[in-house]
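# here's a sequence, model it:
(one chain, ligands or ions: 1)
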Amino acid sequence: MFSLVATLLLAAASGWHAEPAHTPHAMVVTEQHYATQVGVDVLRHGGNAVDAAVAVGYALAVVDPCCGNIGGGGFMLVRMHDGRERFIDFRERAPLRATPPLYQDKNGNLIPGLSTKGYLAVGVPGTVMGLERARTEFGTRSRAALMAPAIALAKDGYLVGTADARVYKSMPGDTIKVGDTRTQPDLAATLTMIARDGPNAFYRGPIAQAIVAASNANGGILSMKDFASYYVNELKPVHCSYRGYDLISAPPPSSGGVTLCEILNVISPYPFARWGWNSVESAHYVVEAERRAYADRNTYLGDPAFVRNPVAQLLAPHYAATLRASISASRATPSSQVHPGLGAVARENAQTTHYSIVDSAGNAVAVTYTINDSFGAGVIAGNTGFFLNDEMDDFTSKPGVPNMFGLVQGTRNDIRGGKRPLSSMTPTIVTRNGRLFMVTGSPGGGRIITIVLATLQNVIDYGMNVQDAVNAPRVHMQWLPDVVEYEPGAFSAQAIQQLQAMGYTLKEVPSWGSAQAIVIDPKTGMRLGGTDRRRPEGLAAGY
Ligand code: DON
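Here you go, the predicted model:
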């Protein structure tokens, strides 16, 4: 109790304490209010959470162009009220012509920018096929009905807010100002074609043709065959438990669920509530668990269609105990002394956004989808009207060399034609005693996993309301570099000194991520929504 009071006082002092949105029936939380409203309208008119998720997915592609997309890919985690679970993997795939040294010169040196800008950076997008799979399997509305609001927002335009305009500053070709009505006639035409002809328009028709033509003209390697052979996977989610809560999360080709669960397994015995939020002890054990789990992540995980992922070994209780035993009570372990815990790998052949939805029946959807960088590869093919991803940078361009998120990854995540790059996206649903409790997720590249971890711990260990849980300043460690990053306000001056004395290198960096979460009050069934203060155009709303 003392720590909860202390946490709330700290929150009040540093200005991030706020109340969640409360609704009795249904809740939608996204980082752009027009998209939230689209989802709420679908739910109000009797659509279910998956219908709303499809409509929101297309709406964000219009009103959140940094991140929402049809030119990228992602993951949708569904839990229906009857307990059915689905993880829909619509991650981008590497073009069939891609090879491991794609971004290296003749001497094996990486060519800067090749994996992040322009057509060579582009993976085959999955969003249109992924949303359609979700709709046909769980939805109750026509594609045209669910896409109509997005088409209207593209055709008629929407009002650009202050925080929107800030994001658009880095948009290629941007001249958009706050207060403008932003219309996108090209995108409206593209979406209209998809509404009419479905994924065929995208993967076999004029949209694929436009992308392949632009790619050919600009040094890319995308082909019509890449588009025609694209497929969506349905995978078994990763499961683990933490203090009586059951987690459902993202399996490979995301590293998210495995790494999150590995960290939670390691930290589960520690008394965080007693130690207090971001106290020296709490931070020490969480950071050490993160350090070890990211070493494993970067070494062992990759697309399961290409490499074996030792998920059961990484999540075994005795493995967590082994990792725990390697943590010193008083000192940071240098990352140079932390090696991936399962031994050598056998040889074998940002921008992003998250949204969470719960409907009146208790169906829950968590979607994280992405074009990787802000505005992806920075290219729009012909008059298609949407940015293409630079997801290829999530692969290991060269073993041992960091990618744009500083992740130092291994050969299991090397580039192969048709392979999916390893992701950190972690859409997560939590139940308790079989009942829905929480839906969460965030963008943030390699930091996504620790953002989701913090959101969960803030609710489960520190008793924060869901709005505070997403607002609270964050801490992150990813094995390499051997640095603990923290947001302003995460630590007291005294904690910083003590952690430094234990051997930590700490670095304050500007805030990151955009967590969008829902908690169900177990007593009343109220839906409580928390939208991240870091994205002020966000909205938690429902009815
Ligand atoms: O899949 C991944 O892990 C990354 N492509 C996500 C990128 C991201 O979150 C960018 N946002 N900050």
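# low pLDDT regions in the stretch 301-450 of the chain?
For the stretch 301-450 of the chain, applying pLDDT under 70 flags the ranges 346-350.
# so the residue positioned nearest the centre of the chain versus residue 385, what's the distance?
With distances taken as Cα atoms, centre = their mean, residue 425 lies nearest the centre of the chain, 3.4 Å away. Residue 425 sits 25 Å away from residue 385, going by Cβ to Cβ, to the nearest Å. C-beta: built from backbone N, CA, C; applies to glycine.
# can you check residue 157 too?
13 Å.
# and for residue 417?
Counting by Cβ to Cβ, the gap from residue 417 to residue 385 is 28 Å.
# what of residue 316?
From residue 316 to residue 385 the distance is 48 Å (Cβ to Cβ).
# settle it for me: which of these two has more neighbours?
Taking other Cβ atoms under 10 Å, residue 316 and residue 385 do not tie; residue 385 has more neighbours (21 against 14).
# enumerate every residue touching the more buried one.
154, 184, 185, 186, 187, 188, 189, 190 (Cβ atoms under 8 Å, 6 or more residues apart in numbering).
# might one say that residue 270 is in contact with residue 284?
No. In this structure, residue 270 is not within contact of residue 284 by Cβ atoms under 8 Å, at 9.5 Å.
# neighbour count winner among those two?
residue 284 (24 against 18).
# residue 499 is in contact with the more buried one, correct?
Yes. With contact defined as Cβ under 8 Å, residue 284 reaches residue 499; the gap is 7.2 Å.
# surely residue 228 is in contact with residue 200?
No. Contact status for residue 228 versus residue 200: not in contact, 9.9 Å apart, counting by Cβ under 8 Å.
# who's more crowded, those two?
residue 200 (15 against 12).
# quick check: which element contains the more buried one?
Secondary structure from DSSP states H and E places residue 200 in helix 199-203.
# other residues contacting that helix?
Contacts of helix 199-203 (Cβ under 8 Å, 6+ apart): 70, 125, 128, 129, 132, 193, 194, 207, 208, 227, 228, 230.
# dump the residue contacts of residue 504.
287, 332, 484.
# what's the closest of those residues to the ligand?
Closest approach to the ligand among the contacts of residue 504 (Cβ to the nearest ligand atom): residue 484, at 19.1 Å.
# okay, and the beta partners of that closest one?
residue 506 (DSSP bridges).
# can you tell me how far it sits from residue 404?
Taken as Cβ to Cβ, the span from residue 484 to residue 404 is 20 Å.
# same question, residue 171
On the measure of Cβ to Cβ, residue 171 and residue 404 end up 18 Å apart.
# get me the contact residues on the chain for the ligand.
350-352, 370, 372, 391, 394, 423-425, 443-445, 448 (Cβ under 6 Å from any ligand atom).
# among the residues you listed, which lie within strands?
The strands, defined by DSSP state E, take in 352, 370 from the residues of the chain next to the ligand.
# of the residues of the chain next to the ligand, just the buried ones, ChimeraX syntax please.
Selecting only the buried entries of the residues of the chain next to the ligand in ChimeraX, with 16 or more other Cβ atoms under 10 Å as the criterion:
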select :350,351,352,370,372,391,394,423,424,425,443,444,445,448
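# show me which helix runs longest in this protein.
Determined from DSSP state H, the single longest helix within the chain is helix 280-300.
# check the offset of it from the chain's centre.
How far helix 280-300 lies from its chain's middle: 19 Å, per Cα atoms, centre = their mean, to the nearest Å.
# same question, stretch 461-475
18 Å.
# kindly report the same for stretch 522-539.
For stretch 522-539, the distance to the chain centre is 17 Å (Cα atoms, centre = their mean).
# go on, stretch 302-314?
The answer for stretch 302-314 is 20 Å, by Cα atoms, centre = their mean.
# now do stretch 219-237
20 Å.
# got the CA positions of that stretch in PDB?
Below are the C-alpha coordinates for stretch 219-237, written out as PDB (Å, rounded to 0.1, in the frame of the first residue of the first chain):
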ATOM      1  CA  GLY A 219      16.300  -0.500 -58.000                       C
ATOM      2  CA  GLY A 220      13.900  -2.800 -56.100                       C
ATOM      3  CA  ILE A 221      13.500  -6.500 -56.500                       C
ATOM      4  CA  LEU A 222       9.700  -7.000 -55.900                       C
ATOM      5  CA  SER A 223       7.900  -9.100 -58.400                       C
ATOM      6  CA  MET A 224       4.300 -10.000 -59.200                       C
ATOM      7  CA  LYS A 225       5.100 -13.500 -58.000                       C
ATOM      8  CA  ASP A 226       6.000 -12.100 -54.600                       C
ATOM      9  CA  PHE A 227       2.500 -10.600 -54.300                       C
ATOM     10  CA  ALA A 228       0.700 -13.600 -55.800                       C
ATOM     11  CA  SER A 229       2.400 -16.000 -53.400                       C
ATOM     12  CA  TYR A 230       1.900 -13.900 -50.300                       C
ATOM     13  CA  TYR A 231      -0.100 -15.700 -47.600                       C
ATOM     14  CA  VAL A 232      -1.400 -15.000 -44.100                       C
ATOM     15  CA  ASN A 233      -0.600 -17.500 -41.200                       C
ATOM     16  CA  GLU A 234      -2.800 -18.500 -38.300                       C
ATOM     17  CA  LEU A 235      -0.500 -19.400 -35.400                       C
ATOM     18  CA  LYS A 236      -0.900 -20.700 -31.900                       C
ATOM     19  CA  PRO A 237      -0.300 -17.800 -29.500                       C
END
